[in-house]
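Peer 1: Provided below for reference: sequence and predicted model.
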Amino acid sequence: MAGATSVITRKTNNGFEVLMVREKRAWKCVTGNIPRGETILQGALRESEEEVSLKVEPFALLGLYNKTRAGRTNDIHLVFATRLLNATDGDKIVIQEDEIIEAKWCILDELLKSQSRGSGMSVDARTLPWLRSLKCHLETNAGFKIVTRNMGKSGTMIMA
């Protein structure tokens with residue numbers, strides 16, 4: 001099964017912010033499965049609109065998440081950094097209540113610092129590498145080398 005993650009960003013006077021959503025206990029970025037006939041990029045944009053009512057555009061491919069499950073084909077998620085099409089829309093979030101408990105903007109630097117200290121909101125472990133990759137992209141706006149990371153039972157993570 002294919003999936004997509006949209007790491008939604010915006011630039012404010014406080015720095016770059018990312019939109020985090022909470023499903024159950026952990027916070028993560030907007031993500032979802034891709035139905036047949038839809039590209040993974042189309043799915044990332046659709047999920048952003050469905051889950052938090054925001055229209056976004058991609059500006060970077062942060063990586064690929066690949067998970068193999070016993071008795072099933074590979075699950076592949078592409079992770080895109082996206083930005084708001086209209087900067088004023090960031091204050092007009094309407095969550096999809098059957099999937100999302102809440103959504104909030106977080107200053108990227110503060111969020112990463114709190115996670116390194118083990119404090120703050122509980123962020124899903126698969127989300128943290130994408131946030132770090134986003135920070136690197138935003139700071140350098142340069143290319144990345146390919147790095148793979150064995151996630152054990154969760155699969156293999158590839159960051160570009």
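Peer 2: Yep, that arrived.

Peer 1: What ranges does this protein have for its helices?
Peer 2: For the chain, the helices defined by DSSP state H cover 40-52, 108-116, 128-140.

Peer 1: tell me what the shortest one is packed against?
Peer 2: Using 3 or more C-beta pairs under 8 Å, 6 or more residues apart in numbering; DSSP states H and E as the contact criterion, the secondary-structure elements in contact with helix 108-116 are strand 15-23, helix 128-140. For every residue, glycine as well, the C-beta is placed using N, CA and C.

Peer 1: Going by neighbour count, which residues of it are buried?
Peer 2: For helix 108-116, burial by neighbour count (16 or more other C-beta atoms under 10 Å) applies to 108, 111-112, 115.

Peer 1: can you redo those as CSV with distance to Trp27 and pLDDT?
Peer 2: Output for the buried residues of helix 108-116, formatted as CSV (distance: C-beta to C-beta, whole Å; pLDDT from 0 to 100):
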residue, distance to Trp27, pLDDT
Leu108, 13, 94
Leu111, 9, 92
Leu112, 13, 91
Gln115, 10, 84
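
Peer 1: In this protein, where is pLDDT below threshold?
Peer 2: For the chain, applying pLDDT under 70 flags the ranges 71-73, 141-160.
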